[in-house]
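[1] A structural model of the following input is requested.
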Amino acid sequence: MPPSSNGQDIGLSSQRLRVQIPSGVPLLGGYMNTENTTYLIEHFPTLYRGVTKSPKESLMCFYFECGDGWFELIKELSEKLEPLGVEAFQVKEKWGGLRFYITGGTPEAWDLIEAAEAASETICEHCGAPGKPRGKTWVQTLCDTCSQGA
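    Residues are numbered from 1 along each chain as shown. The predicted structure follows:
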């Protein structure tokens, strides 16, 4: 399990395992909330099987390193990738866009990921409203409202 002094232990019944989901928002970015994280892991167990692996094997042990505004985008992508049998290696925000790294990719999987990554640059990472990349040193895709509080 990833280290977290403020995590919440939850049981994932569909996989019969225990994972520790971080709570709160760490510096420089953030984690998707516990409810959304749990939903993705439970509904797409093949795609997110790396959550129980060590960081040497998969960075999914750090869960979803992006905001809740991209939950629907990641859920839709997960629905398409799960039947392909690929494994997510890391899901995060970088330079204002979604980065979705997999192992065992196919051309179909890469096309789906490329489309989702492009779409993320038009969706606020915090709330899911239409947004655009903002910032100079730390770029985030935000809507007008969320950019006021960033």
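
[2] which parts of the protein are helices?
    Remark: helices assigned in the chain by DSSP state H are 34-43, 71-81, 107-120, 144-149.

[3] next one: the last one to chain centre, how far?
    With Cα atoms, centre = their mean, to the nearest Å as the basis, helix 144-149 stands 21 Å off its chain's centre.

[4] list the contacts of it.
    Helix 144-149 has contacts (Cβ atoms under 8 Å, 6 or more residues apart in numbering) with Gly69, Cys124, His126, Cys127, Ala129, Gly131, Arg134. Just so you know, the C-beta spots here come from the backbone N, C-alpha and C atoms, and that holds for glycine as well.

[5] next, the buried residues of that helix.
    For helix 144-149, burial by neighbour count (16 or more other Cβ atoms under 10 Å) applies to Cys146, Ser147.

[6] what are the buried residues along stretch 41-51?
    For stretch 41-51, the neighbour count (16+ other Cβ under 10 Å) marks Ile41, Phe44, Leu47, Tyr48, Gly50, Val51 as buried.

[7] again, but for stretch 115-135
    Buried, per 16+ other Cβ under 10 Å, within stretch 115-135: Ala116, Glu117, Ser120, Glu121, Ile123, Cys124, Glu125, His126, Gly128, Gly131, Arg134.

[8] Met32: which of those is nearest?
    Of all the buried residues of stretch 115-135, Met32 sits closest to Glu125, with 9.9 Å by Cβ to Cβ.

[9] right, and that closest one touches Thr141 too?
    Yes. The criterion here is Cβ atoms under 8 Å, and Glu125 meets it with Thr141 at 5.3 Å.

[10] which residues do these two both contact?
    Going by Cβ under 8 Å, 6+ apart, residues that sit against Glu125 and also against Thr141 are Gly96, Gly131.

[11] now do the strands in this protein.
    Assigned by DSSP state E, the strands in the chain fall at 8-12, 17-21, 64-65, 87-94, 97-103, 132-134, 140-142.
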